[in-house]
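Chemist: Next come a sequence and a model predicted from it.
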Amino acid sequence: MVTRLILQSLAWLVAMGVLLFGAAGTLAWPAAWWYLIELAVLSLWLGLWLARHDPALLAERLAPLVQAQQSRWDRPFMAAIWTVWCGWLILMGFDAMRFRWSAPMPLWLMILGALCVFVCIVICRFVFRANSYAAPVVKIQASRGHTVADTGPYAYVRHPMYASALLFFVGTPLQLGSWWGFVALPVMAYGMGWRAVREERLLAEQLHGYTDYMARVRYRFVPFIW
């Protein structure tokens, strides 16, 4: 399992590097190197923690993004979000290095971006600790005895992982030094919100106790806002 974790993480990081540096037209992009190094360290830290504390969840996290039990609407959504993701990385490479469309990012904002990415991954650890069914795809995991998660961050918002993803979406263009990277944020935030609503409908219909949980925890992403 650990070997698979390392290989998949490495493949993903290499793919991101190809998109970023290919769009930038140069390997001399320190911000992108630091970004990839941070993701590598944090991903390994989180993955090794999962391997020790919840190997079943790690297996779910390493599973393909298209699965037989996955909701039908989630398959085209995943294809769309990964297409946007790849285009986003290419846009930031064009902006920050190749064409330099926007003004240079202040160093303190780039550091803030790295902090946002760090906090996102730390929140994910708390999410995984509270919810052993936090698969990357939308499905009911009946074979694993799927139950409602309502402790930890789930006691405050219904989708803490999506909420943490918003930090990641803000932190990435900051750390990479691309103002144009913020153009994609409304699209990605809307996509996460749309998916959260559809996922809740499925859980309310098929997962015992989820309707009561929705009544207890009113907010999806941010307390007192939405």
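Modeler: Received the coordinates, thanks.
Chemist: Find the centremost residue of this structure, please.
Modeler: The centre of the chain sits closest to residue 165, judged by Cα atoms, centre = their mean, with a distance of 4.8 Å.
Chemist: hang on, isn't that one packed against residue 192?
Modeler: Yes - contact criterion Cβ atoms under 8 Å: residue 165 and residue 192 qualify, at 6.1 Å. The way it works is simple: take the backbone N, C-alpha and C, and place the C-beta from them, glycine included.
Chemist: Leaving out chain neighbours, which residue sits closest to residue 55?
Modeler: Leaving aside its sequence neighbours, residue 55 sits nearest to residue 1 (Cβ to Cβ, 6 or more residues apart in numbering; 5.9 Å).
Chemist: can you map out the strands along the chain?
Modeler: Along the chain, no stretch is classed among the strands by DSSP state E.
Chemist: Tell me which stretches of it form helices.
Modeler: Using DSSP state H, the helices of the chain run over 2-24, 30-53, 55-62, 74-93, 107-130, 160-176, 185-206, 210-216.
Chemist: Which one, of the ones you listed, ends up nearest to residue 151?
Modeler: Evaluated over these, closeness to residue 151 peaks at helix 107-130, with 5.0 Å, by Cβ to Cβ.
Chemist: would you put the C-alpha positions of that closest one in PDB?
Modeler: The C-alpha coordinates for helix 107-130 follow below in PDB (Å, rounded to 0.1, in the frame of the first residue of the first chain):
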ATOM      1  CA  LEU A 107       6.900  37.600  -1.200                       C
ATOM      2  CA  TRP A 108       4.700  37.800   1.800                       C
ATOM      3  CA  LEU A 109       1.700  36.900  -0.300                       C
ATOM      4  CA  MET A 110       3.600  33.900  -1.700                       C
ATOM      5  CA  ILE A 111       4.400  32.800   1.800                       C
ATOM      6  CA  LEU A 112       0.700  33.200   2.800                       C
ATOM      7  CA  GLY A 113      -0.200  31.000  -0.200                       C
ATOM      8  CA  ALA A 114       2.200  28.300   1.100                       C
ATOM      9  CA  LEU A 115       0.600  28.600   4.500                       C
ATOM     10  CA  CYS A 116      -2.900  28.200   3.000                       C
ATOM     11  CA  VAL A 117      -1.800  25.000   1.300                       C
ATOM     12  CA  PHE A 118      -0.300  23.700   4.500                       C
ATOM     13  CA  VAL A 119      -3.500  24.500   6.500                       C
ATOM     14  CA  CYS A 120      -5.600  22.700   3.900                       C
ATOM     15  CA  ILE A 121      -3.600  19.500   4.200                       C
ATOM     16  CA  VAL A 122      -3.700  19.600   8.000                       C
ATOM     17  CA  ILE A 123      -7.500  20.100   7.900                       C
ATOM     18  CA  CYS A 124      -7.700  17.000   5.700                       C
ATOM     19  CA  ARG A 125      -6.000  15.000   8.400                       C
ATOM     20  CA  PHE A 126      -8.700  16.000  10.800                       C
ATOM     21  CA  VAL A 127     -11.300  15.100   8.200                       C
ATOM     22  CA  PHE A 128      -9.800  11.700   7.600                       C
ATOM     23  CA  ARG A 129      -9.600  11.100  11.400                       C
ATOM     24  CA  ALA A 130     -13.300  11.900  11.800                       C
END
